[in-house]
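[1] With the sequence up front, the predicted model follows.
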2 protein chains.
Amino acid sequence: MDFKEYFPVWNQLNPRQQEVLSAAVSRRTAEKGALLHDGSTDCLGLLVIRSGQLRAYILSDEGREVTLYRLFPRDICLFSASCMMRSIQFDLSIEAEKDSVFWVIPPEVYKELSRQSAALANYTNELMADRFSEVMWLIEQIMWKSFDMRLAAFLLRESELEHTATLKITHEKIANHLGSAREVVTRMLRYFQSEGMVALSRGTVDITDIKKLQLLAEKNTPR
Amino acid sequence: MDFKEYFPVWNQLNPRQQEVLSAAVSRRTAEKGALLHDGSTDCLGLLVIRSGQLRAYILSDEGREVTLYRLFPRDICLFSASCMMRSIQFDLSIEAEKDSVFWVIPPEVYKELSRQSAALANYTNELMADRFSEVMWLIEQIMWKSFDMRLAAFLLRESELEHTATLKITHEKIANHLGSAREVVTRMLRYFQSEGMVALSRGTVDITDIKKLQLLAEKNTPR
């Protein structure tokens, strides 16, 4: 198994700890769309991503979503083990956004190893600070950027992630990423289309003027 | 010095580590309104609060503010030592909201002790998860609550903190807490006044119907 190549602090654990971790880790797969973690009710464990892509998001009582961040190969998903730390007082959901392969580290094993190893505990700090930074970025977007800027930035980010200017994504899905309503997304996309920035067809958003979209995304005005 | 009574992991450090920490810690005071930390440009250290109240907030390029959270006696301020962790990639500001007394732990000393002590590193994790939870709460407020609900919740929170129904606060200050504009706050407060929930006078917001304000704050509708 190549777990240790994906787990950056492996070499800072002692042989005994490595053994415990090896024995506890299990490899899993998830199909695109599978829900891996649903609020605070479950506690799957830490996920070390081998391939694919996960999405962490929050959900309102009314079923609206906002994407918090994505996890890519070699990323580690901490909040699917939220029971591990009593100070984690919020619910988030995690789904496989692409077919994914990952390892699961049981929360009690990770917690015990953290108790023993300062290196592992400090690594957890860096992971949490990473996610914290992404969430702070999101707050700044929500607070200081208008919706057209956020939508433009989202389309550019998706295009970069998927390596294509032709995004296969519904207006509903975009709304879920941005915590908005489908109608609002449709209206804004039609405006983008009228400005020549995108071309719309069923289930597809085609970026036709990336420069103009970038200019819009980077415009710095308060909402 | 009573630092050790305010520092929860003191007893989990060994005598040598306690000695290093004692020698490094310095006690400081700050007057109400003093700016203690300004974005990522400085790195004061960790603050252990003895008395008073600190406020952590973010600032837009245009000078608008949003309050992220408050720190009270026995709280520990981590992000004033953001240079300690390379993954902290965001700027926040910290000011004394009341006259405050606190200890400063130099970042390099805290970092070295964390490297040695898993207990301290795990404690830092709990601190960060605490702040993370507050910031997640804020995102949910911004995304799912309308401005009238956020303003009502803010007034109730302030009233609880200050143990009074008569809040000495300007509309400008309220706007800074909520990331809004003064005019928007004034308009909404006038509406609250017309509904009998508050009475306004220069520099003062008087809560006159706390029940009605609570009902408004708890109403659960998407914006």
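    Yep, it's here.

[2] going forward, measure contacts and count neighbours with C-alpha atoms only.
    Will do.

[3] residue contacts, the closest residue to residue A:180 other than its chain neighbours?
    Closest residue to residue A:180 in three dimensions, ignoring its sequence neighbours and counting by Cα to Cα, 6 or more residues apart in numbering or on different chains: residue A:64, at 7.5 Å. Counting by Cα atoms under 8 Å, 6 or more residues apart in numbering or on different chains, residue A:64 touches A:176, A:179, A:180.

[4] tell me the SS of residue A:151?
    Under DSSP: H, G, I helix; E, B strand; the rest coil, residue A:151 falls in the helix class.

[5] Distance of it relative to chain B?
    With the distance defined as Cα to the nearest Cα, to the nearest Å, residue A:151 ends up 15 Å from chain B.

[6] Contacts only, for that residue.
    If a contact means Cα under 8 Å, 6+ apart, then residue A:151 has A:178, A:185, A:217 as its contacts.

[7] Where helices are concerned, which of those residues count?
    Judged by DSSP state H, helices contain the following of the contacts of residue A:151: A:178, A:185, A:217.

[8] So residue A:29 lies in a strand, does it not?
    Yes. Read with three-state DSSP, residue A:29 is one of the residues of a strand.

[9] circling back: relative to chain B, which of the contacts of residue A:151 is nearest.
    Nearest to chain B among the contacts of residue A:151, counting by Cα to the nearest Cα, is residue A:178 at 9.5 Å.

[10] close enough to count as contact, the closest one and residue A:59?
    No. With the criterion set as Cα atoms under 8 Å, residue A:178 and residue A:59 do not qualify as a contacting pair; they are 11.4 Å apart.

[11] quick one, what contacts the residue of chain A at minimum distance from chain B?
    With distances taken as Cα to the nearest Cα, chain A approaches chain B most closely at residue A:118, which sits 3.8 Å away. By Cα under 8 Å, 6+ apart, the residues touching residue A:118 are B:114, B:115, B:116, B:117, B:118, B:119, B:121, B:122.

[12] Can you tell me which of those residues is nearest chain A?
    Relative to chain A, the closest of these is residue B:118; by Cα to the nearest Cα it sits at 3.8 Å.

[13] And the pLDDT for the spatially closest residue to the closest one that is not a sequence neighbour?
    Ranked by Cα to Cα, 6+ apart and with sequence neighbours excluded, the top spatial neighbour of residue B:118 is residue A:118, at 3.8 Å. Here the pLDDT value assigned to residue A:118 is 96.

[14] How about residue A:105?
    On pLDDT, residue A:105 comes in at 97.

[15] Put the alpha carbons of the helix or strand in which residue A:101 is found into PDB.
    Assigning secondary structure by DSSP states H and E places residue A:101 in strand A:100-105. Written as PDB, here are the backbone C-alpha positions of strand A:100-105 (Å, rounded to 0.1, in the frame of the first residue of the first chain):
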ATOM      1  CA  SER A 100     -12.700   9.100  -5.700                       C
ATOM      2  CA  VAL A 101     -10.400   6.800  -3.900                       C
ATOM      3  CA  PHE A 102      -9.300   7.600  -0.400                       C
ATOM      4  CA  TRP A 103      -8.000   6.200   2.900                       C
ATOM      5  CA  VAL A 104     -10.000   6.400   6.100                       C
ATOM      6  CA  ILE A 105      -8.200   6.900   9.400                       C
END
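
[16] Cheers, nothing more for now.
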